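1. take this sequence and fold it.
(chains A and B)
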2 protein chains.
Amino acid sequence: MPTTEHHTSKQFDAELETIRAQVLQMGGLVEQQTVSALAAFDDEDTVLAGRVVDDDHRVNALEVKIDEEVGTVIARRQPAASDLRMLMMVVKTITDLERIGDEAAKIARMVQQIHGADRGTTPRVEVRHMAQVALNMLRTSLDAFARLDAAAAARVARQDEQVDAEFRSVTRQLITFMMEDPRTISNSLDVLFIAKSIERIGDHSKNMAEYVVYMVKGKDVRHTTVEELERTALEPLP
Amino acid sequence: MPTTEHHTSKQFDAELETIRAQVLQMGGLVEQQTVSALAAFDDEDTVLAGRVVDDDHRVNALEVKIDEEVGTVIARRQPAASDLRMLMMVVKTITDLERIGDEAAKIARMVQQIHGADRGTTPRVEVRHMAQVALNMLRTSLDAFARLDAAAAARVARQDEQVDAEFRSVTRQLITFMMEDPRTISNSLDVLFIAKSIERIGDHSKNMAEYVVYMVKGKDVRHTTVEELERTALEPLP
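-> Have a look, this model is predicted:
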């Protein structure tokens, strides 16, 4: 049962602040995991890849911990609508963060698979730019969360279209590679799955950006067009 | 601000029951979307595939609606720890359901792509069994949610290993196909992405099953081994 004891709003604010800080800490770790996984791919560094795989449990532990804290705070306080909205969006946000962590670990495992055994030619397909855009989306959505900045969140949604377009382009390049030299097929599929993981990191970042718009504007912009999201994000609060 | 008015526990129970019923309604729709997408692939039915793509917005709308209702109920009532745990797991569950809906729509779009234009030979690779297992996982996890059945939920986690193994087998078969006849590469990749979507439907179903174990047992079994999950699910409540 929730306690009936009354708390000062100051204490409650401090609790909310702690939770927000923990989300950002988790975000920082997930960002680091993503950077490392992409660097491992670029540098063919299987040791670094192994570290990313090993560290995934730290991301998972943070998700479980924050979920619990949110539950405790809701049970103990009786949050007003806007605070509750924030707490529910925290629960959604950390689910996406945890899945970005999963994608980083998947990328790292692919790097181990490609370079762990002598598996023949790896196609030289450029995913670096696509990766930079996705990483930028992740950083911007975390910044937007930290500063409750709906305009920054709207920019993330726009970048997602770019990542999707680059993913289609990478797929086409890989098809050409595979057709020219079928011996590259196995490794090409691994690179394709790495590109797919990068694309999903973009998707999850976009989800987080949508939660920020909802927290700030109180309007659910999931499942709307980018234009609608931008309009909502940029319109002045009533 | 939450109202301070007191409500009977009966009214509150009715509200929780309504939310649970809505989750099951959303689950039923998502299951139907998945069945239709897989049937569209089997029967090369682009009309059915188009219907799945068109209906995805119904799944999305239910997610937004249930999220709102959960927020309203938490704000109005002061749920005890176990009810709150259930409501928070509802929020997580419908996120996974929405993403299963997305995967069904992705499968349907691939079917449109493969059969919409004359794109040459489609590899005859068997994904039907893998699809049946994933669909069974989805159904069992919804049943487990409906009946708060932790033992059924544990079975879902075990089946996920089977889907993952079948995905690896499908990938190997597709590689063989592509190497033998590079003209099949484009369509093979589409089939590969369909298999990937099926694998992800399994993953999301496993997530939902883990939430059920948490709701029933109060112990978080995400990020543990299947054995640990089974032990938790099957041990008698204290």
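2. tell me the pLDDT of A:D118.
-> For A:D118, the pLDDT comes out at 62.
3. try the one 4 residues further on
-> The predicted structure scores A:T122 at 72 on the pLDDT scale.
4. is it true that it touches A:I185?
-> No - look at A:T122 against A:I185 with Cβ atoms under 8 Å: they stay out of range, at 11.5 Å. Just so you know, the C-beta spots here come from the backbone N, C-alpha and C atoms, and that holds for glycine as well.
5. compare these two (neighbour count), which wins?
-> The neighbour count for A:T122 versus A:I185, taken as other Cβ atoms under 10 Å in any protein chain shown, is higher for A:I185 (23 against 16).
6. so the more buried one is in which element?
-> Using DSSP states H and E, the element containing A:I185 is helix A:185-217.
7. over to A:Q11?
-> Using DSSP H and E, the element containing A:Q11 is helix A:9-42.
8. helices or strands next to that helix in the packing?
-> helix A:46-76, helix A:81-116, helix A:128-147, helix A:185-217 (3 or more Cβ pairs under 8 Å, 6 or more residues apart in numbering or on different chains; DSSP states H and E).
9. does the helix holding A:I185 come close to chain B?
-> Yes - residues of helix A:185-217 contacting chain B under Cβ under 8 Å from any Cβ of the partner chain: A:185-186, A:189, A:192, A:196.
10. helix or strand right after that helix?
-> Downstream of helix A:185-217 (by DSSP H and E), the next one is helix A:226-234.
11. helix A:128-147 and that following helix, what's the angle between them?
-> 30 degrees (axes from the mean of the first three to the mean of the last three Cα atoms, to 10 degrees).
12. would you mark the buried spots in helix A:226-234?
-> Buried positions in helix A:226-234, judged by neighbour count with 16 or more other Cβ atoms under 10 Å in any protein chain shown: A:229-230, A:232-233.
13. if we can go back for a sec, and the angle for the helix holding A:Q11 with helix A:128-147?
-> Orientation note: helix A:9-42 sits at an angle of 170 degrees relative to helix A:128-147 (the same axes, to 10 degrees).
14. low-scoring stretches of chain A, by residue?
-> By pLDDT under 70, the low-scoring segments of chain A are A:1-8, A:117-120, A:237-238.
15. contacts for stretch A:174-182?
-> Applying Cβ atoms under 8 Å, 6 or more residues apart in numbering or on different chains, the external contacts of stretch A:174-182 come out as A:121, A:123, A:125, A:184-185, A:188, A:191-192, A:195, B:178-179, B:182, B:185-186, B:189.
16. restrict that stretch to CA atoms and write it as CSV.
-> These are the backbone C-alpha positions of stretch A:174-182, laid out as CSV (Å, rounded to 0.1, in the frame of the first residue of the first chain):
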residue,chain,number,x,y,z
LEU,A,174,25.7,-5.3,-50.9
ILE,A,175,23.5,-7.0,-53.5
THR,A,176,25.9,-5.8,-56.2
PHE,A,177,28.9,-7.1,-54.2
MET,A,178,27.3,-10.5,-53.7
MET,A,179,26.3,-10.9,-57.3
GLU,A,180,29.8,-10.0,-58.5
ASP,A,181,31.5,-12.3,-56.1
PRO,A,182,29.3,-15.0,-54.4
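17. in that stretch, which residues are buried?
-> Quick answer for stretch A:174-182 (16+ other Cβ under 10 Å): A:174-175, A:177-178, A:182.
18. wait, which of these is closest to A:V91?
-> Nearest to A:V91 among the buried residues of stretch A:174-182: A:L174, at 36.8 Å, using Cβ to Cβ.
19. which strand or helix spans that closest one?
-> Going by DSSP H and E, A:L174 is part of helix A:150-180.
20. most tightly packed of the helices and strands packed on helix A:9-42?
-> helix A:185-217 (a mean of 24; mean count of other Cβ atoms under 10 Å in any protein chain shown).
21. which ones are touching A:N136?
-> A:N136 touches A:Q159, counting by Cβ under 8 Å, 6+ apart.
22. ok, the nearest residue to A:L174 once chain neighbours are set aside to A:R124 distance?
-> Among residues not flanking A:L174 along the chain, A:S188 sits closest, at 4.8 Å (Cβ to Cβ, 6 or more residues apart in numbering or on different chains). A:S188 sits 11 Å away from A:R124, going by Cβ to Cβ, to the nearest Å.
23. just A:V212 next, same as before
-> Taken as Cβ to Cβ, the span from A:V212 to A:R124 is 37 Å.
24. before we move on, what about A:N60?
-> Taking Cβ to Cβ, one finds A:N60 at 34 Å from A:R124.
25. one step back: and the angle for the helix holding A:I185 with helix A:150-180?
-> 170 degrees.
26. what about helix A:185-217, distance to the chain center?
-> In this view, helix A:185-217 has its centroid 7 Å away from the chain centroid, taken as Cα atoms, centre = their mean, to the nearest Å.
27. circling back: pull out the buried positions in the helix holding A:Q11.
-> By 16+ other Cβ under 10 Å, the buried positions in helix A:9-42 come out as A:12, A:15-16, A:19, A:22-23, A:26-27, A:29-31, A:33-38, A:40-41.
28. what angle do it and helix A:46-76 make?
-> Going by the same axes, to 10 degrees, helix A:9-42 makes 160 degrees with helix A:46-76.
29. helix A:9-42: how far from the chain's middle?
-> With Cα atoms, centre = their mean as the basis, helix A:9-42 stands 11 Å off its chain's centre.
30. about what we covered before: let's have the buried residues of stretch A:174-182 in a markdown table, adding distance to A:L97.
-> Formatted as a markdown table, the buried residues of stretch A:174-182 follow (distance: Cβ to Cβ, whole Å):
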| residue | distance to A:L97 |
| --- | --- |
| A:L174 | 29 |
| A:I175 | 33 |
| A:F177 | 33 |
| A:M178 | 34 |
| A:P182 | 39 |
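31. nearest to B:V53 among those residues?
-> B:V53 lies nearest to A:I175 out of the buried residues of stretch A:174-182, by Cβ to Cβ, at 23.6 Å.
32. in JSON lines: the buried residues of helix A:226-234, plus distance to chain B.
-> Listed next are those as JSON lines, based on distance: Cβ to the nearest Cβ, whole Å:
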{"residue": "A:L229", "distance to chain B": "14"}
{"residue": "A:E230", "distance to chain B": "19"}
{"residue": "A:T232", "distance to chain B": "14"}
{"residue": "A:A233", "distance to chain B": "17"}
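33. I'd assumed A:H115 was in contact with A:G50.
-> No - using Cβ under 8 Å, A:G50 is not in contact with A:H115, being 11.1 Å away.
34. residues in contact with the spatially closest residue to A:E166 that is not a sequence neighbour?
-> Residue nearest to A:E166 in three dimensions, not counting chain neighbours: A:M130, with 4.0 Å by Cβ to Cβ, 6+ apart. Residues near A:M130 by Cβ under 8 Å, 6+ apart: A:163, A:166-167, A:170, A:195, A:198-199.
35. tell me which of those residues is nearest to B:E98?
-> Lowest distance from B:E98 to the contacts of A:M130 (Cβ to Cβ) belongs to A:E199, with 18.1 Å.
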